[in-house]
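1. Have a look at this prediction, sequence included:
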Amino acid sequence: MYRREVGSTLRQALDTVPGYVFDNDSTHSREQHRCLAAAYDPVTLERLAATGVGDGWRCLEIGAGGGSVARWLAARVAPTGEVTATDVKPHHIPATPLLTVRRHDVVTDPLPEAAFDLVVARLVLQHLPERVAVLDKLVRALKPGGVLQIDEFDTSYEPPLLAPDARAAELYSAFLRAKAAAMRAGGGDPHWGRRVPAAMRAAGLVDIDPLPHIELRHARSAGLRLQLHHTYHLRDRLLAEGLTDTDLTEVRALMKDPAFRAASSILYSTQGRRPSSGAGS
């Protein structure tokens, strides 16, 4: 159980598409955005509010997905600020006042330098093999004194806590291992969240402030509903990593079990500030 001989054609086809493992233009995209917003907007928005973001600020969100964070920012910077939201497939982001939506690949496309008071990237850089170069680009996009917030997972800790039996617990763990392996196959780093603070410091930011967030996953939680969604959204990649459709059916039933409990992975919300002109680092 849990491992099977992987078809070389499927693995080779998936390995030719490095980077973000979630297709932002599929039948699963809207559910992905809905689950992400429900599970993690409370963390992301509370941290952003603590920066004092308000009227007149210029803000950038990369990989804006469904746009819930960008829309919140647009309301905060009114009436004289502006928000730019980018994505490689940005059509899920509805237009609102003070919000400009742009098609943009942060790996290959330029960003204006010293242009933004606040830059936000949530669950984006961990998928990119070029994450360190992208981080440097985001730092350069900040005005002196501007704040960068990066929210990323460290999935090294997310154990099952209550399962019907040892076999069910191992099945859930096998699903998580397969998901992490699929991410690594695309050049991603599922532990990137823990590395962000040091990477920010190396990029020249100061006042670096990492905040870890962990929660309990259960059938009614947005975090576990997101995991359940991933069994559909990432089906082909999970099969390529050795799970079977039978395994996926069983792990879906487990995650719908009202008695099931698991710890979430750790979401690190890390902020850093670009030194003001003339300030030391």
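-> The structure has been received and is ready for your questions. Residues are numbered from 1 along each chain as shown.

2. Show me the helices in the stretch 1-150 of the chain, by range?
-> With helices called from DSSP state H, counting those that start in this stretch, the stretch 1-150 of the chain shows them at 8-15, 29-50, 68-76, 131-141.

3. Restricting to C-alpha, output stretch 131-150 in PDB.
-> What follows is stretch 131-150 as a C-alpha-only set of coordinates in PDB (Å, rounded to 0.1, in the frame of the first residue of the first chain):
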ATOM      1  CA  ARG A 131      13.300  31.900  -4.700                       C
ATOM      2  CA  VAL A 132      16.400  33.600  -3.400                       C
ATOM      3  CA  ALA A 133      16.800  35.700  -6.500                       C
ATOM      4  CA  VAL A 134      13.100  36.600  -6.400                       C
ATOM      5  CA  LEU A 135      13.500  37.600  -2.700                       C
ATOM      6  CA  ASP A 136      16.300  40.000  -3.700                       C
ATOM      7  CA  LYS A 137      14.000  41.500  -6.400                       C
ATOM      8  CA  LEU A 138      11.300  42.100  -3.900                       C
ATOM      9  CA  VAL A 139      13.700  43.800  -1.500                       C
ATOM     10  CA  ARG A 140      14.800  46.100  -4.300                       C
ATOM     11  CA  ALA A 141      11.100  46.900  -5.000                       C
ATOM     12  CA  LEU A 142      10.800  48.400  -1.500                       C
ATOM     13  CA  LYS A 143      11.200  52.000  -0.800                       C
ATOM     14  CA  PRO A 144      13.700  52.800   2.000                       C
ATOM     15  CA  GLY A 145      11.900  52.000   5.200                       C
ATOM     16  CA  GLY A 146       9.400  49.700   3.300                       C
ATOM     17  CA  VAL A 147       8.200  46.400   4.700                       C
ATOM     18  CA  LEU A 148       8.400  42.900   3.100                       C
ATOM     19  CA  GLN A 149       6.000  40.200   4.500                       C
ATOM     20  CA  ILE A 150       6.500  36.600   3.400                       C
END
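
4. From here on, call the first residue 43.
-> Okay, using 43 as the starting number, the last item reads as stretch 173-192.

5. Low-confidence stretches in the protein?
-> Residues of the chain meeting the criterion pLDDT under 70: 43-70, 320-323.

6. One more pass at 50, please.
-> Along the chain, the model assigns pLDDT under 50 to residues 43, 45-60, 322-323.

7. Spatially central residue for it, please.
-> L165 (1.5 Å; CA atoms, centre = their mean).
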